[in-house]
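> Following is a predicted model, sequence given first.
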Amino acid sequence: MKKILKYFLILALLALVVIQFIRPEKNLGGYESVAFFESETKPSQEVRGILKNNCYDCHSNHTNYPWYAEIAPFSFYLDDHVRHGKGELNFSEWENFSAKKKDHKLEEVFEEVEKGEMPLDSYTWIHGNLSKEDQKLLLQWAQLARMQYSNQIEVSGK
């Protein structure tokens, strides 16, 4: 039994070393990828900071990777989170959305932040929670930004 355990541990260690050489592709598009989104939704400097520090890592074409992103299996875990986050909402793709979709995405941002479901717990364990003041600023901005899309939908019917 000890021999089997020893071989298992050696095999597990070897596998851990080997997967260090398998790297997921990094999400390094640059913060300029959100320029259209920010120019259209006009967040204040404070809200820009909140978005940059709490949202863009998983919801844009640029991720600011922490040191542990270089270590497998954490690199795979982060890659999965970023891919899923961008699948739900990618601020870098904002100009490709219809007014109706933009309105809906901002509505979802509002709901997720209001319920405390965003940012995810797995993100806040390391990066910290949004303060009540940050939540309030983000919610106010999302409501205000939605107004322009609601007006566009009423006028165009789309």
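On my side now, so go ahead. Residues are numbered from 1 along each chain as shown.
> Could you pull up the contacting residues of the residue most central in space within the chain?
Computing the C-alpha centroid of the chain and ranking residues by CA atoms, centre = their mean puts Cys58 first, at 2.0 Å. If a contact means CB atoms under 8 Å, 6 or more residues apart in numbering, then Cys58 has 81-82, 84-86, 119-120, 123 as its contacts. Using the backbone N, CA and C atoms, a C-beta is placed for each residue, glycine as well.
> Would you agree it falls within a strand?
No - under DSSP: H, G, I helix; E, B strand; the rest coil, Cys58 sits outside any strand and is assigned helix.
> quick one: low-confidence parts of this structure?
Residues of the chain meeting the criterion pLDDT under 70: 154-158.
> ok, and what's touching the lengthiest helix in the chain?
Longest helix in the chain, counting residues (DSSP state H): helix 132-156. For helix 132-156, contacts defined as CB under 8 Å, 6+ apart pick out 41-44, 46-47, 50-51, 54, 99-100, 102-103, 106-107, 109-110, 113-114, 130.
> how about 10 Å then?
Under the criterion CB atoms under 10 Å, 6 or more residues apart in numbering, residues 37, 40-44, 46-51, 53-55, 97-114, 116, 118, 129-131, 158 lie in contact with helix 132-156.
> buried set for that helix?
For helix 132-156, a neighbour-count test (16 or more other CB atoms under 10 Å) marks 134-135, 137-138, 141-142, 145-146, 148-149, 152-153 as buried.
> Also stretch 117-134?
Residues 118-119, 123, 130, 134 are the ones in stretch 117-134 that count as buried (16+ other CB under 10 Å).
> about what we covered before: quick one: buried ones out of the contacts of helix 132-156?
Using 16+ other CB under 10 Å, the buried members of those are 37, 41, 43, 47-48, 50-51, 54-55, 97, 99, 102-103, 105-106, 109-110, 112-113, 118, 130.
> Looking at the buried residues of stretch 117-134, which are in helices?
Among the buried residues of stretch 117-134, the members falling in helices (DSSP H) are 123, 134.
> Which strands or helices does the strand or helix carrying Leu14 pack on?
Assigned by DSSP states H and E, Leu14 falls within helix 2-19. Helix 2-19 sits against no helix or strand, with contacts defined as 3 or more CB pairs under 10 Å, 6 or more residues apart in numbering; DSSP states H and E.
> How many neighbouring residues does Lys26 have?
Number of residues near Lys26 (other CB atoms under 10 Å) recorded here: 14.
> Now it: which helix or strand?
Lys26 is located outside every helix and strand, with elements delineated by DSSP H and E.
> All set, thanks.
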